[in-house]
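[1] My questions are about this predicted structure, shown below with the sequence.
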Amino acid sequence: MLLSYDAGVRDPNNELVHLYEIRDALSTKFGGENSVRAALTITSAQWSRLGQLCNHEPLRQGRHRGKSGEAMRDASEAELAESRSIARAMIEAWRMGLGSLAHCSSNIHGLSLTSCSSGNLG
């Protein structure tokens, strides 16, 4: 997840692709949306909004470019900031759930997060 966040910052043309990887990793780890949201207290609105921005809006930085049939556009700064904020909230919720591994940390683009191999999702 930390690598995906870092990749999003370093690869702005594919930022939303990388930020969605965080949601996808959590979904895989916890066995689906409902389990992730229950375990990490991620709201339905947060979950849905990140999916909307990454998958359904006709954004050049998104995952499904050109599939909506709408004219492509660049994501606005507000949309990118919102996506980053939701992704950071998801990572932070995951990090807080690691508890005993909190002594192992990494700092990537201002995120001070747990990254021990036994708790790292990617």
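    Yep, it's here.
[2] going forward, measure contacts and count neighbours with C-alpha atoms only.
    Fine.
[3] Leaving out sequence neighbours, find the closest residue to G51.
    Y20 (7.2 Å; Cα to Cα, 6 or more residues apart in numbering).
[4] Wait, that neighbour touches C54, no?
    Yes - if you go by Cα atoms under 8 Å, Y20 and C54 touch, sitting 6.3 Å apart.
[5] how about the helices of this protein, start to end?
    Ranges of helices in the chain, per DSSP state H, are 2-10, 15-30, 33-40, 44-51, 77-97.
[6] List the buried residues in the second one.
    Of the residues in helix 15-30, those scored as buried under the neighbour-count criterion (16 or more other Cα atoms under 10 Å) are 15-27, 30.
[7] tally of neighbours for A89?
    A89 has 15 neighbours, counted by other Cα atoms under 10 Å.
[8] Let me have the buried residues of helix 15-30 in TSV, adding distance to S48 and pLDDT as columns.
    Shown next, in TSV, are the buried residues of helix 15-30 (distance: Cα to Cα, whole Å; pLDDT from 0 to 100):
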residue	distance to S48	pLDDT
E15	17	97
L16	14	97
V17	15	97
H18	16	97
L19	13	97
Y20	11	97
E21	14	97
I22	14	97
R23	10	97
D24	12	97
A25	15	96
L26	14	96
S27	13	96
F30	17	94
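[9] follow-up on the earlier one: packed most tightly, which of the helices of the chain would that be?
    Mean neighbours per residue, mean count of other Cα atoms under 10 Å, is largest over the helices of the chain for helix 15-30, with a mean of 21.
[10] ok, residues contacting it?
    Residues outside helix 15-30 that contact it (Cα atoms under 8 Å, 6 or more residues apart in numbering): 1, 4-5, 7-9, 32-33, 35-36, 47, 50-51, 53-54, 61-63, 80, 83-84, 87, 90-91, 121-122.
[11] do stretch 39-59 as well
    Contacts of stretch 39-59 (Cα under 8 Å, 6+ apart): 16-17, 19-20, 23, 36-37, 61-68, 70-75, 79, 83, 86-87, 90, 93-94, 97.
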